[in-house]
Structures are given as C-alpha cells and as structure tokens.
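Chemist: structural data only, the sequence is not supplied:
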C-alpha cells in the first residue's frame with residue numbers, strides 16, 4: 001500500500017486540475033524570484049562596466065584607457081620582445097599584442113647634443129623614429145606609396161616630399177658634430193592631429209607621453225618618422241640610434257565585468273613580475289621599466305558603481321524570495337483547509353503525520369520542477385528583455401542553482417504545512433476548549449499606523465526594513481476594504497426576484513455578504529498586491545522624473561563649457577572705447593555691444609556673485625538671453641522646472657519693468673519672499689531689480705539661492721565693464737566681472753562644433769550625460785526597476801489569491817449552485833452571478849489599492865529619495881500608466897477567478913466529491 005500511495009502521490013501533482021495550475025504558478029513565482037537576482041546582478045554589472053568603457057574620451061592616455069603598454073629593457077632588438085609578447089598573450093581577453101618602439105638616442109646621450117634631421121633638396125626638418133606593427137592600419141594616409149618611412153604632412157610640405165622619393169636621415173651627436181647618415185624611401189604621408197604633431201587616429205592619443213619628444217622644443221612631441229620594425233630597426237642601427245621597444249594590447253570588445261576583473265588581476269601580476277626585475281642602469285635610466293594600463297582603474301570604478309546598485313537591490317532581492325515563499329505557503333495553507341476531509345481519513349487509517357508531509361512533498365514535486373524550470377526561463381527573459389542592457393552569461397548556472405534551492409525550500413514548506421496540519425488531528429483539542437480568533441485586522445491596522453508614523457518622524461535615508469511600510473499601509477487599507485463587500489450584500493429579500501437579470505444581481509450581492517474571514521483575507525492580499533504594483537510603477541516614474549529634474553538643475557544643459565569671455569564667439573564684438581582716466585566713466589551700453597549670435601541649440605550665459613541686501617548673503621546671479629535660453633536649457637519633467645520655464649518666458653516678454661528696473665527671477669530664496677524689489681551691486685554700481693517670479697529650482701543652480709535676469713538690461717548698464725566687450729589687452733582668467741559659459745542642447749559635440757567654428761578650444765566641457773552615468777543615478781534607477789519586478793510578483797500573488805478564493809468558494813457552493821440551476825435560475829445565470837461577484841471583489845480591491853497608493857505619496861520622499869538635500873524636492877505621484885497596468889492586473893485576476901470556477905459537469909453527485 002505504501003508503494004501505491006507513493007506512486008499515486010508522484011503522479012497526483014498534475015491530477016488536481018485548477019489546483020495543479022495554482023501550485024505550479026506559486027513555484028514559478030518562487031523560482032523566478034530566486035533566479036532573477038544573480039542574472040540581474042550580472043546584467044547590471046556588465047551594463048555598468050560597458051558604460052564606463054564608453055565614457056573613456058578619445059583623448060585619454062593609456063593609464064586611463066582599456067589598454068596595456070609594457071616597456072621592458074629585455075634587449076635592443078625587436079625580436080627580443082617576443083618573450084614579453086608571449087607573456088601578454090597569456091593574459092585572457094586581450095587583443096593580439098603589437099610591438100612598437102620609439103627612438104631614445106637623445107635620452108641616452110644626455111646632456112650631450114643629439115638631433116635627427118630629415119633632408120631633401122637642401123631643406124631639413126627635425127624628427128624621431130617610431131616603429132609600429134602595421135603603419136597603413138594605424139595612420140590616416142594623405143598620400144600612400146609602398147615601402148619605407150611615413151612622414152607627417154607638415155614635414156612633407158616643408159620638404160616637398162612625396163611617396164617613392166628618397167630622403168636623407170642624419171644624426172648629429174655632441175658639439176664636435178659626430179654625424180651618422182643614411183637614406184630611406186618615403187612610403188607615404190600621414191595626417192596629424194589638431195595640435196599638428198602626433199599622427200591622427202584613435203591609437204595615437206593613447207601614446208601621448210610615450211612618444212619621443214622634440215629635441216629642441218622639449219615640451220612638444222617630435223615629428224614621427226613611422227615605419228614597421230623591419231624598416232625602422234636597420235635605419236636606427238645605421239644612425240647609431242637606439243629603439244626602446246614596447247608591447248601593446250587592448251581589452252577585447254564586449255568583455256564582461258567578471259572577465260575584465262580577471263584580466264586586470266593578470267595584468268597586475270605581469271606588472272609586478274617585470275617591476276621586480278631591476279633595470280640594468282637604475283630607475284632613472286631611459287631603459288627603465290615602464291607600464292601603463294587603465295583596465296584596473298575602469299574595473300574599480302565600475303565595481304564602485306555596482307556596489308552601490310547591489311546595496312540597494314539586495315534587500316529587494318531577499319524580499320522577492322520572501323514573497324515567493326509566501327505564495328507557496330499560502331497555497332499550502334489553503335490546500336490544507338481544502339483537503340480537511342482527506343486529512344481526517346488519513347489519520348483514521350493510521351498514516352503518520354510525517355508520512356503525510358512526505359506524500360504532499362511528492363505530490364508537489366512535479367509541479368515544483370516544472371515551475372522552477374519555467375521560473376528560470378521567465379526570469380532570464382525578463383532580465384534580458386526588460387532589465388539592464390548587459391550581457392548574461394556566467395550567472396545562468398548560478399541562477400539555476402538558486403532557483404533549485406528556493407524550490408527545495410518551497411517543497412519543505414509544503415511538507416511542513418502538511419505535517420503540522422495532520423499532527424493537529426492526531427490529538428484534537430477538547431470540545432470544552434474555546435478557540436479565540438486572533439484579531440489580525442486590528443493588528444495590521446495598528447502596525448501600519450505605527451510604522452508610517454515612525455517612518456515620517458525618522459531621519460536619515462530609508463533602509464530595507466522601511467520598504468515594508470508601503471506593504472503594511474496597503475494591507476491596512478485592504479483590511480478596511482474587506483468590510484465593503486458586505487455593504488453591497490442584500491439580506492432583505494429571501495426569495496429570488498422574478499426578473500432573471502435582477503436575480504443575477506441579487507445572487508451576486510447576497511454572496512458578497514458570505515465568506516467571512518476568508519473573503520476579507522482575500523481582499524487584503526489582492527489589495528496589497530495590486531497596491532504594491534501601482535506603488536512600484538509610480539516610484540519608478542517619479543524617480544525617473546526626479547532624476548531628470550535634478551540633472552537639469554545640476555547641469556543646466558546637455559553640455560556647458562566655460563569661456564575666456566563671450567567675445568571669443570563674436571568676431572564683431574566691439575572693444576571698450578579708450579577714455580581719459582581723469583574723465584568721468586561713461587554710462588549706458590557701448591555702441592555695437594550684443595549677445596554673441598550663435599547657431600540654434602546654443603546660447604551664452606554669464607554668472608557672477610551678488611550681495612543680497614535682504615539678508616546680507618552672497619547669492620548667484622545668472623544672466624541669460626531669455627529667448628534662446630528656453631530652447632537650450634534642460635527643463636526636466638517636474639512642476640518646479642515647468643514653473644521656472646514659464647518664468648523665463650515672462651522674462652523674455654518683458655525684461656525691464658515699467659519703472660526701468662530690471663526684472664529678475666528669484667530661485668530658492670525664501671529670504672526675499674517679503675521683498676518685491678531691491679537693489680543689487682553688479683560690478684561697481686548698484687542696479688534696481690524687481691521680482692517677476694519666485695521658483696523652487698532652476699537649470700544650472702550652484703547649490704545656493706540664485707537670481708536670474710536678462711542680459712541686455714543687466715550687462716548694458718555696466719558700460720565699459722560689459723563682459724561682452726573684447727578687452728583691449730589680454731586679461732588673466734577670471735578677471736572679468738561675470739564668467740561666461742557656452743550652453744548647448746547638442747551635448748559635447750554641439751559645444752565643439754560652435755567653438756571650432758571660432759577657433760576656440762574650451763578648457764573643459766561638463767555634460768548632463770556624465771551626471772546620468774554617476775553611480776547614484778544609475779544605482780537608483782536599477783534598484784527601482786528591480787522593485788517593479790518584486791511588485792509584479794506581489795501582483796501575481798494577488799491574482800493567485802483571488803483565483804484560490806474563487807476555487808475554494810466554488811467548491812463550497814457547488815450544491816447550492818446545482819440547486820439554484822435546477823429550480824429555474826439556470827446554470828448560465830448562476831455563472832453570471834459568480835462572475836459578477838468576483839468582478840465586484842476585484843473592483844473593491846483595485847479602488848482600495850489606488851487609494852492606498854495615494855495615501856503613500858506623502859511618504860514618497862522619505863522612502864525613495866536617496867539624495868534628500870538636492871533640488872528640486874522629490875515628489876511621489878501616481879503614474880497613469882501604473883494605474884492602467886494595475887487595472888489590467890485586476891482584470892486578469894477576475895478572468896482567472898471565473899475560469900477556475902467554471903465546470904462542465906452536470907451530475908449532481910459531483911457536488912459531494914472532494915475537489
């Protein structure tokens with residue numbers, strides 16, 4: 001009999017019809033929660049690492065780029081470097097090493113004179129030899145021949161050299177004129193970079209500092225005579241020059257963070273190995289060991305960002321697994337109530353409680369295995385399609401192990417529930433013992449109130465435990481909503497109405513009043529699940545909007561570059577008129593002064609400090625061209641910056657008030673709330689300002705209160721001190737009254753396009769893209785995205801709960817349904833009443849979920865704001881898309897509940913079978 005029970009239990013997992021589907025779905029949720037965590041972590045890590053690689057500028061040196069360059073004094077011949085290349089080739093995930101070399105003849109004979117010149121037709125030009133593996137691949141050719149040396153375009157123009165021509169190479173050593181000479185062929189002419197020295201191309205900026213310097217102007221790189229090793233090495237020998245060889249390699253494209261971490265470790269081991277070999281001439285020798293690599297730095301920066309992300313997602317990951325175990329536990333508990341009669345029979349025939357637990361475990365085994373497999377697939381696809389844009393590779397196996405472990409925990413939970421349920425029936429409680437029902441609704445409400453009050457009064461950032469507060473609040477709202485269905489119920493009319501339609505409504509309302517604690521619990525769980533889904537979707541939308549607003553406030557525009565002065569972008573900028581120092585200083589605008597005319601998508605702004613007379617504090621004054629500023633600045637998505645944008649429009653329409661005072665926007669300045677007009681000292685004179693609007697935030701704020709005014713009235717009143725004027729003599733940096741900056745909506749490329757057209761090279765470019773890639777913003781976005789996945793699990797649990805409740809009530813009401821169908825109501829109308837009942841329950845839960853999420857909005861900043869000191873303030877709002885998705889989940893729950901309660905059997909005896 002034991003074997004028959006075991007076999008029946010193993011195969012019985014898929015014989016319980018709707019209940020088998022619910023069991024499989026519960027294990028699917030559990031396995032997906034466990035498997036998603038490692039895959040999400042790997043995808044996030046790889047996406048962050050790739051983001052860091054993409055941020056490396058083209059002008060970065062090798063110590064900041066994903067490359068390795070190792071120069072070791074292992075021999076004077078290029079062939080001697082093969083051992084170094086083999087060592088580097090053994091490092092995983094590096095490209096094929098290249099051997100390069102540069103002249104060090106001048107450095108070896110210091111302080112004696114040394115010079116290499118290239119001669120042609122009586123003309124000469126200084127240069128240095130440099131060898132690369134494949135010159136045509138690494139150079140941008142302007143003229144190309146065959147074998148020989150490649151010359152830079154400026155040198156070729158000076159010499160009149162062309163491909164195929166012969167040139168003379170001469171090395172002069174010492175003051176006595178020791179000369180070494182040889183000839184070579186011009187293989188081609190290559191383009192140089194913007195500074196006119198190094199070759200153009202993406203590999204040469206990396207070598208800046210490692211190429212030979214000019215022998216006369218030592219701060220400049222030399223013109224390089226480039227050839228392959230077979231060409232350069234004999235020439236160097238003939239000239240008594242010496243080449244210091246290096247081995248270069250780069251990190252392969254598409255490498256994951258884990259692979260790059262292993263590469264960085266191997267590179268560091270290689271560096272230590274060669275660094276411990278003392279150079280023959282000491283550390284100051286030109287032949288001393290040199291090493292450069294940015295792989296370790298990039299990996300470290302990426303790991304710092306991923307650590308922030310992991311810190312924020314880990315509590316959510318554990319919460320997801322907890323939700324999955326809760327779903328399995330809920331199905332197991334309801335299954336114990338559903339199979340009450342079966343448990344009594346098992347105890348009556350002498351089956352031990354542990355044996356019952358084992359049989360239930362075997363029963364759940366096949367659904368659990370199927371659910372775990374599907375859960376792993378679902379987690380993989382969700383992370384791959386909706387998660388961070390990073391590769392998923394190594395974590396798939398770990399995710400499978402995690403899904404398996406949590407599935408085993410779920411099976412143990414099922415066995416434990418079955419064992420406990422059976423054990424309770426071995427020694428039943430005495431009839432005289434009165435069971436007191438636990439007042440769980442009141443406990444949930446009290447716990448929610450205490451938690452919400454404590455969270456609102458607490459200081460500091462929210463932690464993982466605080467994320468339970470929304471769940472408690474939504475559960476408390478669900479407790480209140482659980483009493484509402486009884487209000488829809490009718491008890492006045494005991495007989496069926498004559499109208500069939502009214503009979504359907506009458507039966508649905510009558511049954512809403514039944515169910516007791518089970519119905520209230522179902523409403524609580526469905527409300528909490530739907531509410532958490534809405535809360536999470538709203539949190540993601542609000543956090544994204546807040547991040548864009550704060551990036552707009554911090555960056556100002558997609559790119560901002562400080563300028564020496566706005567006149568550098570205006571060829572027509574006038575200079576201040578020369579004046580007699582004894583004559584009074586002229587007032588009013590200088591003739592011809594203007595805001596520099598720039599292409600669309602760019603504008604100039606000026607920034608200076610002013611002393612506010614209201615509170616005697618230093619404030620920022622931002623001076624703008626209002627019409628252009630509105631089209632260039634970042635305005636985010638929130639109401640604070642929308643108000644600021646509207647204020648700029650008012651400023652553009654009327655920059656000067658009727659009393660000739662300058663209109664100004666007061667930003668985050670509560671001290672001036674009671675003053676509508678006041679004087680400010682700009683430059684050497686005071687000007688009258690009138691407040692046109694007060695806003696909480698503004699693009700380009702520097703972290704303190706600020707005033708914003710139009711350029712023409714403010715700068716025009718400065719007269720000859722107007723920063724738009726071209727100074728008569730060179731001025732030191734920062735000498736002007738207002739610091740000018742170029743703002744562009746086209747990012748760094750937009751800045752460079754404008755400045756290049758005027759021959760200006762900005763000192764630096766600050767971009768909004770750089771802010772968006774900071775660890776804080778990336779980590780916050782990733783953590784909120786994972787929270788949506790957890791909320792999705794809760795919503796699925798809510799859907800399952802309504803399905804379980806529907807299936808449970810359908811079994812209990814089956815005799816009554818059959819009787820009502822036989823006495824004239826009909827099977828179809830009974831089904832319609834059942835569907836209406838579940839739809840009303842879903843509507844009540846949905847309304848309660850929306851109300852609960854709205855009640856949580858005042859706590860949004862406390863729960864979700866990781867940077868509470870930044871402007872604008874975080875505001876949690878209900879997402880319209882989130883409401884629509886939540887309503888869709890409620891509709892799915894209703895459809896599932898109706899589908900699970902549909903029956904095709906018309907045999908009355910089915911009502912007395914245990915489902």
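Modeler: Received it, and whenever you're ready, just let me know what you need. All of these numbers come straight from a predicted model, not from anything done at the bench. Numbering: from 1, shown residues only.
Chemist: quick one: residue 142 is in a strand?
Modeler: Yes - note on residue 142: a strand contains this position according to DSSP: H, G, I helix; E, B strand; the rest coil.
Chemist: what sits against it?
Modeler: By CB atoms under 8 Å, 6 or more residues apart in numbering, the residues touching residue 142 are 153, 188, 189, 190, 191. C-beta here means a position set from N, CA and C on the backbone, and glycine is covered the same way.
Chemist: the residues you listed, buried ones only, as a ChimeraX selection?
Modeler: Buried members of the contacts of residue 142, defined by 16 or more other CB atoms under 10 Å, are picked up in ChimeraX with:
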select :153,188,189,190
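Chemist: now the contacts of residue 142 in TSV, with distance to residue 335?
Modeler: Shown next, in TSV, are those (distance: CB to CB, whole Å):
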residue	distance to residue 335
153	82
188	80
189	83
190	77
191	76
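Chemist: wait, residue 861 touches residue 874, no?
Modeler: Yes - Residue 861 lies in contact with residue 874 (CB atoms under 8 Å); the separation is 4.2 Å.
Chemist: higher neighbour count, these two?
Modeler: For residue 861 versus residue 874, neighbours defined as other CB atoms under 10 Å are more numerous around residue 874 (22 against 16).
Chemist: returning to what we had before: overlap in contacts, residue 861 and residue 874.
Modeler: With contacts taken as CB under 8 Å, 6+ apart, residue 861 and residue 874 have residue 868 as neighbours in common.
Chemist: take the contacts of residue 142 and keep only those in strands.
Modeler: Cross-referencing the contacts of residue 142 against strands under DSSP state E gives 188, 189, 190.
Chemist: distance to residue 371 added to these, as CSV?
Modeler: What follows is the ones in strands among the contacts of residue 142, written out as CSV (distance: CB to CB, whole Å):
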residue, distance to residue 371
188, 66
189, 68
190, 63
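Chemist: tell me the one of these nearest residue 41?
Modeler: Using CB to CB, residue 190 comes nearest to residue 41 of those, at 45.9 Å.
Chemist: any idea how far the closest one is from residue 39?
Modeler: According to CB to CB, to the nearest Å, residue 190 and residue 39 sit 47 Å apart.
Chemist: residue contacts, the closest residue to residue 78 other than its chain neighbours?
Modeler: In space, and not counting its chain neighbours, residue 78 is closest to residue 229: 4.2 Å by CB to CB, 6 or more residues apart in numbering. The contact partners of residue 229, by CB under 8 Å, 6+ apart, come to 78, 99, 101, 131, 133.
Chemist: give me the buried subset of those.
Modeler: Counted by 16+ other CB under 10 Å, these give 78, 99, 101, 131 as buried.
Chemist: spit out the contact partners of the last one.
Modeler: Yep, that's residue 131 we're talking about. Counting by CB under 8 Å, 6+ apart, residue 131 makes contact with 78, 99-102, 226-229, 231-233, 243, 245.
Chemist: do that again at 7 Å, thanks
Modeler: By CB atoms under 7 Å, 6 or more residues apart in numbering, the contact set of residue 131 is 100, 101, 227, 228, 229, 232, 243.
Chemist: who does it bridge with?
Modeler: As for beta bridges, residue 131 partners with residue 101, residue 227 under DSSP bridges.
Chemist: mind checking how far it is from residue 269?
Modeler: Note on residue 131: its distance to residue 269, by CB to CB, is 28 Å.
Chemist: now the phi/psi pair for residue 608, please.
Modeler: Dihedral pair for residue 608: phi -150, psi 170, per degrees, to the nearest 10.
Chemist: let me know the pLDDT of the closest residue to it other than its chain neighbours.
Modeler: Distance criterion CB to CB, 6+ apart; nearest residue to residue 608, sequence neighbours excluded, is residue 738 at 4.2 Å. If you check residue 738, the pLDDT there is 83.
Chemist: over to residue 446?
Modeler: We note a pLDDT of 67 for residue 446 in this prediction.
Chemist: wait, residue 179 touches residue 170, no?
Modeler: Yes - look at residue 179 against residue 170 with CB atoms under 7 Å: they come within range, at 6.2 Å.
Chemist: looking at the two, which one has more neighbours?
Modeler: More crowded of residue 179 and residue 170, by other CB under 10 Å: residue 170, with 16 against 12.
Chemist: check which helix or strand covers the closest residue in space to residue 395 that isn't next to it in sequence.
Modeler: Excluding its sequence neighbours, the residue lying closest to residue 395 (CB to CB, 6+ apart) is residue 42, at 3.8 Å. For residue 42, the host element (DSSP states H and E) is helix 18-54.
Chemist: for residue 631, same thing?
Modeler: Secondary structure assigned from DSSP H and E places residue 631 in helix 626-632.
Chemist: what's the answer for residue 619, then?
Modeler: Secondary structure assignment for residue 619, by DSSP H and E: strand 618-624.
Chemist: now the strands for the stretch 751-900 of the chain?
Modeler: Remark: strands assigned in the stretch 751-900 of the chain by DSSP state E, counting those that start in this stretch are 766-767.
Chemist: show me where it has helices.
Modeler: Ranges of helices within the stretch 751-900 of the chain are 768-772, 775-812, 814-820, 827-856, 860-864, 880-900, based on DSSP state H, counting those that start in this stretch.
Chemist: taking those together, which one is wrapped up most tightly?
Modeler: When you average the neighbours per residue for each of the helices of the stretch 751-900 of the chain (mean count of other CB atoms under 10 Å), helix 775-812 leads with a mean of 23.
Chemist: list the helices and strands that helix packs on?
Modeler: For helix 775-812, the elements it packs on are helix 18-54, helix 295-338, helix 516-555, helix 827-856, helix 880-900, judged by 3 or more CB pairs under 7 Å, 6 or more residues apart in numbering; DSSP states H and E.
Chemist: give the buried residues for the first one.
Modeler: This points to helix 18-54. By neighbour count on 16+ other CB under 10 Å, the buried set for helix 18-54 is 18-53.
Chemist: now that we have the helices of the stretch 751-900 of the chain, can you turn them into CSV and tack on mean pLDDT?
Modeler: Shown next, in CSV, are those (pLDDT from 0 to 100):
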stretch, mean pLDDT
helix 768-772, 86
helix 775-812, 74
helix 814-820, 67
helix 827-856, 85
helix 860-864, 82
helix 880-900, 90
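Chemist: export the ones you listed to TSV and tack on distance to residue 111?
Modeler: TSV is the format used below for these (distance: least, CB to CB, whole Å):
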stretch	distance to residue 111
helix 768-772	44
helix 775-812	49
helix 814-820	105
helix 827-856	75
helix 860-864	65
helix 880-900	73
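Chemist: closest to residue 388 out of these?
Modeler: Residue 388 sits nearest to helix 775-812 of all those, at 6.1 Å, using CB to CB.
Chemist: the closest one versus helix 827-856: what angle between them?
Modeler: Relative orientation of helix 775-812 and helix 827-856, computed by axes from the mean of the first three to the mean of the last three CA atoms, to 10 degrees: 150 degrees.
Chemist: give me the angle between helix 775-812 and helix 18-54.
Modeler: 170 degrees.
Chemist: helix 775-812: how far from the chain's middle?
Modeler: Relative to its chain's centre, helix 775-812 lies at 23 Å (CA atoms, centre = their mean, to the nearest Å).
Chemist: centre of this protein to the edge, which residue is at the far end?
Modeler: Ranked by distance from the centre of the chain (CA atoms, centre = their mean), the top residue is residue 176, with 65.1 Å.
Chemist: so what's the residue nearest the centre of the chain up against?
Modeler: Residue closest to the average C-alpha location in the chain (CA atoms, centre = their mean): residue 778, at 2.9 Å. Residues near residue 778 by CB under 7 Å, 6+ apart: 48, 305, 309.
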